[in-house]
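> with the sequence up front, the predicted model follows.
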Amino acid sequence: MRTLTLTVATTALTAVTAFQQPISAARVSTSLYEYIPTGFTKESWGKFKAAEQKKKDELAKKNLGRLGPKGFQSRSFQSFQEALERGETTHLLPVENARERLAKGELKPEDIPYMQRGGNWDNSDLKGAKKVRWLNSDKEYANGGFKKEQSVSIFGYGKGLDWTGSRDREGPAVNPKPGKFDKNYKPPTIAQIKGQTEAKPKKKTFGLF
């Protein structure tokens, strides 16, 4: 009986020792391999990934997600109107046969409207050309004012529709009777939504003047 007990204890100790083997040796011998698609070598795969990353970086610089024209850099209509009243600019009309006339030397690059040549309104895309002076409204527009003109609101200005319902409610006071409006209720105008004040119409004498 004593011999049998000793044999069972030795067997159990051997089994426990087998499960308690350190796993550090197995981890040290584990190797990680890079995935290389079929038809590529390690060098050609690296060149391919570098070329793809370069394309992504170039697209990121173009900012294709922005609103408005993407082929040229324009100024705001307010700035254009101010410069027009100052006599610093004029309406730009397309030039016919621009490439041929430019090759012959009849025109300079700055003689071609920036929208037609795909450049910038201030001629900053051209070397040696006279730069157009920036107004204060141009600086405000470039410093983030352009976002006001990129509204997706149905009114053309302000925030878009709250599709998720997570935005705070704004506008007229909540009607105490849901589904019904007061007798003297008038819907807000676009000017009121924008926060602008409307000029009150003058009263007419006997409805004639």
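Here it is on my side, so go on. Residues are numbered from 1 along each chain as shown.
> could you point out which residue ranges in the chain have low pLDDT?
1-31, 62-70, 145-162, 169-182, 194, 196-209 (pLDDT under 70).
> if I pick residue 143, what's in contact with it?
The neighbours of residue 143, taking C-beta atoms under 8 Å, 6 or more residues apart in numbering as the test, come to nothing; the list is empty. In this view, the C-beta of every residue, glycine as well, is placed from N, C-alpha and C.
> relative to residue 131, how far out is it?
As judged by C-beta to C-beta, to the nearest Å, residue 143 and residue 131 stand 19 Å apart.
> what do you get for residue 89?
To residue 131, residue 89 is 13 Å away according to C-beta to C-beta.
> before we move on, what about residue 87?
17 Å.
> of these two, who's got more company?
Neighbours were tallied for residue 87 and for residue 131 using other C-beta atoms under 10 Å; the higher tally belongs to residue 131 (11 against 7).
> for the protein, what's the longest helix?
The longest helix of the chain (DSSP state H) is helix 42-62.
> residue 119 - how many residues pack around it?
Each residue near residue 119 was counted by other C-beta under 10 Å, and the total is 20.
> residue 84 - nearest residue in space that isn't next to it in sequence?
Of all residues not flanking residue 84 in the chain, residue 90 sits nearest, at 7.0 Å (C-beta to C-beta, 6 or more residues apart in numbering).
> so the one you found: helix, strand or coil?
coil (DSSP: H, G, I helix; E, B strand; the rest coil).
> make residue 1 into 40 and carry on from there
With the count now opening at 40, the last piece we talked about shows up as residue 129.
> can you give me the distance of it to residue 119?
Residue 129 sits 10 Å away from residue 119, taking C-beta to C-beta as the criterion.
> which of these two has more residues huddled nearby?
Looking at residue 129 and residue 119 with other C-beta under 10 Å, you find the greater number of neighbours at residue 119, namely 19 against 8.
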